[in-house]
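Trainee: turn this into a structure:
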Amino acid sequence: MESIPSSLVGSQPETRRSLLLKTCALFSVGLLSHAGLGKRKAEYVGGTWEGLKEGTEGSLSTDHPEKATFLTKAGAFEIPYGQITDLEYGQKAGRRVGATIALGVTTLGVGALPMLFSKKRKHYLSVGWKNGTGQAEGVVLELGKDVTRPVLKVFEVRSGKKVEYESEEAKKHVGN
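Mentor: Predicted structure coming up:
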């Protein structure tokens, strides 16, 4: 195995330590940038939209009075409010272990431990509807925390359907 030339790493232990810290910092920035969905974004978790990969991030526009539009780099995908057959909202709460470890190793040390006890909620909206030919379609979208309440309200009002909540905790969190 070839060693890294000392001209690149430096011969002093301080230089090696500095390089190690910089590498850890870059690694943690990468982990933190993928730590979660932006608070005003949406992500396609799965469903019947053809040509859209699971995990595609975009934004969910509810500006049009007849349809919601999921806007991504791959294109625009629509949900017609008048064809919606069911709406369901659920949450998943998880620990921020990856972000805590990355941040703790590089900057906070033991000070990052309290973050292990904080939870990050994921907000999921499942929508079922009939397409133009009467076939059932559906999608599951993860919603950012700042768009969850307004999106649920718009979908309820424009579709005439009530959102079903997967639990009392989910219902309470949204404020219903």
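
Trainee: next secondary structure after the helix or strand of the chain with the lowest mean pLDDT?
Mentor: Here the helix or strand of the chain ranked lowest by mean pLDDT, DSSP states H and E is helix 13-33, holding a mean of 40. On the C-terminal side of helix 13-33, the closest following helix or strand by DSSP states H and E is strand 42-47.

Trainee: now do the same for that following strand: mean pLDDT, whole number.
Mentor: Throughout strand 42-47, pLDDT has a mean value of 96.

Trainee: strand partners (parallel or antiparallel) of it?
Mentor: Strand 42-47 pairs in its sheet with strand 56-61 (antiparallel), strand 136-143 (antiparallel), by DSSP bridges.

Trainee: contacting residues for K172?
Mentor: Applying CB atoms under 8 Å, 6 or more residues apart in numbering to K172 gives no contacts. All C-beta spots, glycine's among them, are computed from the backbone N, C-alpha and C.

Trainee: helix/strand/coil for it?
Mentor: helix (DSSP: H, G, I helix; E, B strand; the rest coil).

Trainee: dump the strands paired with strand 42-47 to a markdown table, plus mean pLDDT.
Mentor: Shown next, in a markdown table, are the strands paired with strand 42-47 (pLDDT from 0 to 100):
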| stretch | mean pLDDT |
| --- | --- |
| strand 56-61 | 97 |
| strand 136-143 | 97 |
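
Trainee: out of those strands, which is closest to K162?
Mentor: Nearest to K162 among these is strand 136-143; the distance by CB to CB comes to 16.9 Å.

Trainee: what comes up buried for that closest one?
Mentor: E137, G138, V139, V140, L141, E142, L143 (16 or more other CB atoms under 10 Å).

Trainee: ok, now stretch 67-76?
Mentor: Neighbour counts using 16+ other CB under 10 Å place K67, A68, F70, T72 of stretch 67-76 among the buried residues.

Trainee: turn those into JSON lines, columns for distance to W49, pLDDT and secondary structure.
Mentor: Converted to JSON lines, those look like this (distance: CB to CB, whole Å; pLDDT from 0 to 100; DSSP: H, G, I helix; E, B strand; the rest coil):
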{"residue": "K67", "distance to W49": "14", "pLDDT": "98", "secondary structure": "strand"}
{"residue": "A68", "distance to W49": "12", "pLDDT": "98", "secondary structure": "strand"}
{"residue": "F70", "distance to W49": "8", "pLDDT": "98", "secondary structure": "strand"}
{"residue": "T72", "distance to W49": "10", "pLDDT": "97", "secondary structure": "strand"}
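
Trainee: between those, which is closest to F155?
Mentor: Checking the buried residues of stretch 67-76 one by one against F155 (CB to CB), the nearest turns out to be A68, at 7.0 Å.
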